[in-house]
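> Only the shape, not the letters, is given here:
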């Protein structure tokens, strides 16, 4: 039995080495075998080249587009409970940012930047020709997704904002600073264990699924760098983009739903900021008994919330009343 397992591991390592041998120096690709039979994640992989790196995304269903953006240190697996429900009536796109999930990963921390992440996301949307988008964003999915709203407001029809922020150089709370310090001193972060700490009772198979994209520390440069890319000073990269996003959102007239969990030690309470910022936002919804990874704990509840929100604001009614001059 021990000899059989060893042979299997050797085969998997050979597959990883073969796949990475064809890539440019400094770019890594997680072997497909690590994503086989993940619990609750039967979706066929799809890929697009975004500036020389391969970005993975899930695509399910037909109709109006719902774009689901994950945060740190997760990937599209976080949305697995929501995708089937949303796809019954809509076309769901759930990408993995470069450095995460099934997407390629730069080995060098310095290859990651706010602007590069944003340009890669926009490249994916351009290639898929996505418009009239309902954005669903959480954590870094909000920093990047809402920044793209700031640059291309006409592309988005509705906003669903979950546990995120739009920092423009002001001090962050103690919870975030502790998390940032931990990420900086932990080059080989145990991703699955981190998610499990925030989600009590998480099954071992699900913990392993969150670890699947990262065979070793070389694949975790994106995970390591995301916290340090949050702008803490006015001159930091990303501030201009997020200031623009705040400006656009302060005049947003299309539908917006803000839903935050009640037990997020990093971003808790942020619903009041977005509710005050966005004139058209509905009364904030508090997702009870959930932490930072609220899609993991309350995925079905949030998916139903989104379906009801879209039903209240059909596309025909929005586009007939929308005046583009509102935004420039």
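Nice, thanks for sending it over. In this text the structure is predicted, and so the values were computed from the model without any measurement.
> Next one: residue 254 relative to residue 89, how far apart?
19 Å (CB to CB, to the nearest Å). Bear in mind the C-beta positions are built from the backbone N, C-alpha and C, glycine included.
> between those two, who's got more neighbours?
Using other CB atoms under 10 Å, the more surrounded residue of residue 254 and residue 89 is residue 254, with 19 against 15.
> Please look at that one and residue 159 and confirm they touch.
Yes - in this structure, residue 254 is within contact of residue 159 by CB atoms under 8 Å, at 7.5 Å.
> Pass me the low-pLDDT residue ranges in this structure, would you?
1-19, 21, 319-328 (pLDDT under 70).
> As a check, name the ranges of all helices in it.
For the chain, the helices defined by DSSP state H cover 2-21, 83-86, 114-128, 140-151, 174-185, 191-198, 204-211, 221-229, 239-249, 271-277, 294-312, 315-321.
> if we compare those, which one ends up closest to residue 134?
Distance to residue 134, taken as CB to CB, is lowest for helix 294-312 among the helices of the chain, at 6.3 Å.
> Show me what the closest one is packed against.
helix 83-86, strand 133-138, strand 156-162, strand 256-261, strand 285-287 (3 or more CB pairs under 8 Å, 6 or more residues apart in numbering; DSSP states H and E).
> buried set for it?
294-299, 301-303, 305-307, 309-310 (16 or more other CB atoms under 10 Å).
> Would you mind measuring from residue 280 to residue 77?
Applying CB to CB to residue 280 and residue 77 gives a distance of 31 Å.
> ok, residue 165 touching residue 266?
No - under the criterion of CB under 8 Å, residue 165 makes no contact with residue 266, lying 9.0 Å away.
> just to revisit the earlier point, between residue 280 and residue 77, which is the more surrounded one?
With neighbours defined as other CB under 10 Å, residue 280 and residue 77 compare such that residue 77 has more, 28 against 15.
> quick one: the more buried one from residue 219, how far?
The value you get for residue 77 to residue 219, if CB to CB is used, is 15 Å.
> got it, and residue 192?
13 Å.
> joint contacts of the two?
Here residue 192 and residue 219 have no joint contacts, going by CB atoms under 8 Å, 6 or more residues apart in numbering.
> For residue 217, grab the count of nearby residues.
Neighbour count for residue 217, taken as other CB under 10 Å: 14.
> Just give the nearest non-adjacent residue to the spatially most central residue of the chain, would you?
In the chain, the C-alpha nearest the mean C-alpha coordinate belongs to residue 70, at 1.6 Å (CA atoms, centre = their mean). Nearest non-adjacent residue to residue 70, counting by CB to CB, 6 or more residues apart in numbering: residue 78, 5.0 Å away.
> shouldn't that neighbour be in contact with residue 294?
No - Residue 78 lies out of contact with residue 294 (CB under 8 Å); the separation is 9.5 Å.
> Now the common contact residues for those two.
Common contacts of residue 78 and residue 294, defined by CB under 8 Å, 6+ apart, comprise residue 138.
> pretty sure residue 131 contacts residue 152?
No - the criterion here is CB under 8 Å, and residue 131 misses it with residue 152 at 9.5 Å.
> okay, these two: which has more neighbours?
residue 152 (16 against 13).
> need the contact list for the closest residue to the more buried one other than its chain neighbours.
With CB to CB, 6+ apart as the criterion, residue 152 has its nearest non-adjacent residue at 7.5 Å, and that residue is residue 122. Residues in contact with residue 122 (CB under 8 Å, 6+ apart) are 148, 151-152.
> One more pass at 10 Å, please.
Applying CB atoms under 10 Å, 6 or more residues apart in numbering, one finds that residue 122 lies in contact with 50, 144, 147-148, 151-152, 155.
> Next, find the distance separating residue 107 from residue 24.
11 Å.
> Pick out whichever of these two has more residues nearby.
The residue with more neighbours, out of residue 107 and residue 24, is residue 107; 16 against 8, by other CB under 10 Å.
> residues touching the more buried one, list them.
Going by CB under 10 Å, 6+ apart, residue 107 touches 20, 25-28, 99, 217-221.
> Scan those and report the most crowded one.
Within the contacts of residue 107, most neighbours by other CB under 10 Å means residue 99, with 30 neighbours.
> tally of neighbours for the closest residue to that one other than its chain neighbours?
Once flanking residues are discounted, residue 99 sits nearest to residue 222: 2.0 Å by CB to CB, 6+ apart. Using other CB under 10 Å, residue 222 is surrounded by 26 other residues.
> same check, this time on residue 32
If you count neighbours by other CB under 10 Å, residue 32 ends up with 12.
> State the distance from it to residue 38.
Residue 32 is 12 Å from residue 38, where distance means CB to CB.
> next one: residue 132
According to CB to CB, residue 132 and residue 38 sit 31 Å apart.
> ok, those two, which is more surrounded?
More crowded of residue 132 and residue 38, by other CB under 10 Å: residue 38, with 17 against 14.
> so what's the closest residue to that one other than its chain neighbours up against?
Among residues not flanking residue 38 along the chain, residue 209 sits closest, at 4.5 Å (CB to CB, 6+ apart). Contact analysis of residue 209 by CB under 10 Å, 6+ apart lists 34-35, 37-41, 75, 77-78, 80, 192, 195, 202-203.
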